[in-house]
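**Q** next comes the sequence, and after it the predicted model I'd like to discuss.
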Amino acid sequence: MCVTCGCTDDNETKITSLENEHHHTHILPDGTVITHAHHHEEAPKIHAKIHNTTISLEQEILGKNNLLAAQNRGWFKGRNILALNLMSSPGAGKTTLLTRTINDLKDKLNISVIEGDQETTNDAEKIKATGCKVVQINTGTGCHLDASMIERGLQQLNPPLDSVLMIENVGNLVCPALFDLGEQAKVVILSVTEGEDKPIKYPYMFRNSEIMILTKIDLLPYLQFDIQRCIEYAKQVNPQIQIFLVSATTGEGLDHWYAWLNQNISK
């Protein structure tokens, strides 16, 4: 899919709606598998044949993605949908934070979710259990979502006007930062079980994110994690980044995250 990270370009992307128990599958001419959906032709895939085409190929891939992302962004704006791109390492707590957020705010905000994983619908099932509308995108060997996948996912999800769309990207701190999905803001999630130097190890991710959520702070008494140093590293990379310290288990700090959501859906 992308030469930036070595994703194979013959991976199969599968999109599953969890709104109905019965799923049926269509296989498009290019091999893409779509479950419980009817979609039309995909943009043609690009193949790198020799090494000296890599730079121009990367530009072409990102250029096409950015055009689709701009279309997505216009679609969101026209419907007053706050679309957020949630990114993190695997296991940082994206799904746990997301389910807690949905359960706490379901009576105040209309939230829909696009789940991104290489395989399984496990996380989407957890989201569905909250009563939230959700579509699962499985990227196969791909390591990130792109704007085309989001466009197709939206056809199934059809989030309502004046709502919030949470896009849970594939767990990866590298490639998801490169691909604009049309979101209003990128939200990077970092847990205290990871190193406090993640912002300077993966600067592109943190530089391109408007929000950093530091999760699992209830575990701090049992860890050697320097919060202040982590915040300094994040600010070093991105002085404008807004930081929330939260625990999805105890609820500590979530009020600030929720206040930000409420303020931005009304903009």
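**A** Ah, there it is.
**Q** now for residue 66: which residues touch it?
**A** 147, 180 (Cβ atoms under 8 Å, 6 or more residues apart in numbering). Heads up, the C-betas are built off the backbone N, CA and C, glycines and all.
**Q** cool, and residue 88?
**A** By Cβ under 8 Å, 6+ apart, the residues touching residue 88 are 94, 171, 173, 188-191.
**Q** redo that, cut-off 7 Å
**A** By Cβ atoms under 7 Å, 6 or more residues apart in numbering, residue 88 lies in contact with 94, 171, 188-190.
**Q** top of these by number of neighbours, please.
**A** residue 188 (30 neighbours; other Cβ atoms under 10 Å).
**Q** and it, backbone torsions?
**A** The phi and psi values for residue 188, taken as degrees, to the nearest 10, are phi -100, psi 130.
**Q** give me the neighbour count for the residue lying closest to it once chain neighbours are set aside.
**A** Once flanking residues are discounted, residue 188 sits nearest to residue 209: 4.1 Å by Cβ to Cβ, 6 or more residues apart in numbering. Per other Cβ under 10 Å, the neighbour tally for residue 209 reads 24.
**Q** looks like residue 209 contacts residue 240 (just checking).
**A** No - here residue 209 lies out of contact with residue 240, judged by Cβ atoms under 7 Å, at a distance of 9.9 Å.
**Q** show me where the stretch 151-267 of the chain has helices.
**A** 198-201, 203-207, 227-237, 254-265 (DSSP state H, counting those that start in this stretch).
**Q** could you dump the ones you listed into a markdown table and include mean neighbour count and mean pLDDT?
**A** Formatted as a markdown table, the helices of the stretch 151-267 of the chain follow (neighbours: other Cβ atoms under 10 Å; pLDDT from 0 to 100):
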| stretch | mean neighbour count | mean pLDDT |
| --- | --- | --- |
| helix 198-201 | 19 | 98 |
| helix 203-207 | 19 | 98 |
| helix 227-237 | 16 | 98 |
| helix 254-265 | 16 | 96 |
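**Q** out of those, nearest to residue 165?
**A** Closest of those to residue 165 is helix 254-265, at 10.5 Å (criterion: Cβ to Cβ).
**Q** which elements pack onto the closest one?
**A** Counting contacts by 3 or more Cβ pairs under 7 Å, 6 or more residues apart in numbering; DSSP states H and E, helix 254-265 is packed against helix 94-105.
**Q** quick one: work out the angle between the next helix or strand after the helix it packs on and helix 94-105.
**A** Once the chain leaves helix 94-105, the next helix or strand it forms, by DSSP states H and E, is strand 111-117. Here strand 111-117 points in a direction 170 degrees away from that of helix 94-105 (axes from the mean of the first three to the mean of the last three Cα atoms, to 10 degrees).
**Q** from the contact counts, what lies against strand 111-117?
**A** Identification of packing neighbours for strand 111-117 by 3+ Cβ pairs under 7 Å, 6+ apart yields helix 94-105, helix 122-128, strand 133-138, helix 147-157, strand 164-168.
**Q** OK, contacts around residue 163?
**A** Contacts for residue 163 (Cβ under 7 Å, 6+ apart) come out as 81, 110-112.
**Q** cool, residue 123 as well?
**A** 95, 115, 117, 168.
**Q** rerun that using 10 Å as the cut-off
**A** 94-96, 98-99, 113, 115-117, 134, 136, 168, 171 (Cβ atoms under 10 Å, 6 or more residues apart in numbering).
**Q** I'd like those written out as a markdown table, with distance to residue 196 added.
**A** Output for those, formatted as a markdown table (distance: Cβ to Cβ, whole Å):
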| residue | distance to residue 196 |
| --- | --- |
| 94 | 19 |
| 95 | 23 |
| 96 | 20 |
| 98 | 23 |
| 99 | 26 |
| 113 | 29 |
| 115 | 28 |
| 116 | 26 |
| 117 | 27 |
| 134 | 32 |
| 136 | 32 |
| 168 | 24 |
| 171 | 19 |
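**Q** now those: which count as buried?
**A** 94-96, 98-99, 113, 115-117, 134, 136, 168, 171 (16 or more other Cβ atoms under 10 Å).
**Q** let me have those in JSON lines, extended by distance to residue 144 and pLDDT.
**A** As requested, these are exported to JSON lines (distance: Cβ to Cβ, whole Å; pLDDT from 0 to 100):
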{"residue": "94", "distance to residue 144": "14", "pLDDT": "97"}
{"residue": "95", "distance to residue 144": "17", "pLDDT": "97"}
{"residue": "96", "distance to residue 144": "21", "pLDDT": "98"}
{"residue": "98", "distance to residue 144": "18", "pLDDT": "98"}
{"residue": "99", "distance to residue 144": "22", "pLDDT": "98"}
{"residue": "113", "distance to residue 144": "17", "pLDDT": "98"}
{"residue": "115", "distance to residue 144": "13", "pLDDT": "97"}
{"residue": "116", "distance to residue 144": "8", "pLDDT": "97"}
{"residue": "117", "distance to residue 144": "11", "pLDDT": "96"}
{"residue": "134", "distance to residue 144": "19", "pLDDT": "98"}
{"residue": "136", "distance to residue 144": "15", "pLDDT": "97"}
{"residue": "168", "distance to residue 144": "12", "pLDDT": "98"}
{"residue": "171", "distance to residue 144": "10", "pLDDT": "96"}
